[in-house]
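# Please find the sequence and the predicted model below.
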Amino acid sequence: MSAEKAKWHNAILIPVFLPAVIVITLLVIGTLSAPEKAGELFNWTLAGITDNFGWFYMLAVALFLVFIIGVAISRWGRIKLGPDHCEPEYSFTSWFAMLFSAGYGIALLFFGVSEPVLHYAEPPAGAAETIGSAKQAMQIAYFHWGFHIWAIYGLVGLVLAYFSFRHGLPLTMRSTLYPLIGEKINGPIGHAVDTFAVLGTMFGIATTLGLSVIQINTGLNYLWEDIPVGTTVQVIAIGVITLAAIASVVAGMDKGIKRLSLLNMTLV
């Protein structure tokens, strides 16, 4: 086996790759086979989680924010996420562009406007289009797009960077459990954690990309009326975005992701 093939082979962990691919494939096939029933199932699941665990979500995110701020202002905040002698690899501008592009991207441009308007017109509680619904709308928008969302990103990024770059563990979610279960992260428990992480990331990206292409399609139709709003254009947009993302990842951080992020921030 050549060095390149060996590198590619080692990058794919079969006990994580296969279960994730099987679950994704079955869900895609099921959704395409019965889209209406799948939509009802997804809506029922979302409503159940929101009604029963909404309080837990709010509490967890609040604790994340308190924890991140606590770490930042304490002596632990001075620990480098790498060897003690290392220096930052990227300038603040490049780092901020990559962080913002990967963290918010197109979502903020869309939901930053649509979410307050939506909750103003259809508030979770109380009368619509009132001072109360306006306050409610802004509270929800700040919760979704303010400090709290960065606390979620920051916590995940912090633990991944700490265990990977400072302690040399794999850059995967299983590494975060090393202080609790030690070498068992290389067994079934670690495989399960990474599989759930892959599925969560996959469906999170699918949701964002789905909403994004609708926005892109509508924008193109607004600029050029000959371009219709429909599935065909949106599938083409998904293909173009996917190819651009693959190209940027294959090109690496410096040639791909950094340049694409800087271009993105310039355009914004």
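Cool, got the structure.
# Any regions of the chain where pLDDT drops low?
Across the chain, the stretches falling below the confidence threshold (pLDDT under 70) are 1-11, 105-106.
# Tell me where it has helices.
Here the chain has its helices, by DSSP state H, at 3-11, 14-33, 35-73, 92-103, 106-121, 131-145, 147-161, 178-181, 188-223, 231-252, 259-267.
# Redo the ones you listed as a markdown table? Include distance to Pro170 and mean neighbour count.
Yep, even glycine has a C-beta here, placed from its N, CA and C like the rest. Shown next, in a markdown table, are these (distance: least, CB to CB, whole Å; neighbours: other CB atoms under 10 Å):
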| stretch | distance to Pro170 | mean neighbour count |
| --- | --- | --- |
| helix 3-11 | 11 | 9 |
| helix 14-33 | 11 | 13 |
| helix 35-73 | 23 | 12 |
| helix 92-103 | 20 | 16 |
| helix 106-121 | 28 | 15 |
| helix 131-145 | 31 | 15 |
| helix 147-161 | 10 | 16 |
| helix 178-181 | 10 | 12 |
| helix 188-223 | 9 | 15 |
| helix 231-252 | 18 | 13 |
| helix 259-267 | 25 | 14 |
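# Of those helices, which is nearest Lys80?
When those are compared for distance to Lys80 using CB to CB, the nearest one is helix 147-161, at 9.8 Å.
# Any idea which of the helices of the chain gets closest to Ile79?
Each of the helices of the chain has some distance to Ile79 by CB to CB; the shortest is helix 35-73, at 8.9 Å.
# Show me what that closest one is packed up against.
helix 147-161 (3 or more CB pairs under 8 Å, 6 or more residues apart in numbering; DSSP states H and E).
# isn't Leu171 right next to Gly157, touching?
No: between Leu171 and Gly157 no contact is recorded; they are 10.9 Å apart, counting by CB atoms under 8 Å.
# and Gln234, what is it in contact with?
Contacts of Gln234 were listed using CB atoms under 8 Å, 6 or more residues apart in numbering, and they are 213-214, 216-217.
# whoops, I mixed them up, Asn186
Contact criterion CB under 8 Å, 6+ apart gives Arg174 as the residues in contact with Asn186.
# so how far is Phe165 from it?
Taking CB to CB, to the nearest Å as the measure, Asn186 falls 19 Å from Phe165.
# Could you single out the nearest of the contacts of Gln234 to Gly39?
Comparing these against Gly39 with CB to CB picks out Ile214 as the nearest, at 15.8 Å.
# Please tell me how far that closest one sits from Gly132.
According to CB to CB, Ile214 stands 30 Å off from Gly132.
# do the same with Lys37
Lys37 sits 37 Å away from Gly132, going by CB to CB.
# likewise Asp226?
Applying CB to CB, one obtains 44 Å for the distance of Asp226 from Gly132.
# Quick check: the gap between the residue nearest to Val16 when sequence neighbours are not counted and Ala102.
Here the nearest residue to Val16 in space, its sequence neighbours aside, is Asp194; by CB to CB, 6 or more residues apart in numbering that works out to 4.5 Å. Using CB to CB, one obtains 20 Å as the distance from Asp194 to Ala102.
# What is the neighbour count of the residue lying closest to Phe196 once chain neighbours are set aside?
Across the structure, with CB to CB, 6+ apart as the measure, the residue nearest Phe196 apart from its sequence neighbours is Met173 (8.0 Å). By the other CB atoms under 10 Å criterion, the neighbourhood of Met173 contains 21 residues.
# residues touching Pro179, list them.
For Pro179, no residue meets the contact criterion (CB under 8 Å, 6+ apart).
# Next one: it from Tyr162, what distance?
Here Pro179 is placed at a distance of 11 Å from Tyr162 (CB to CB).
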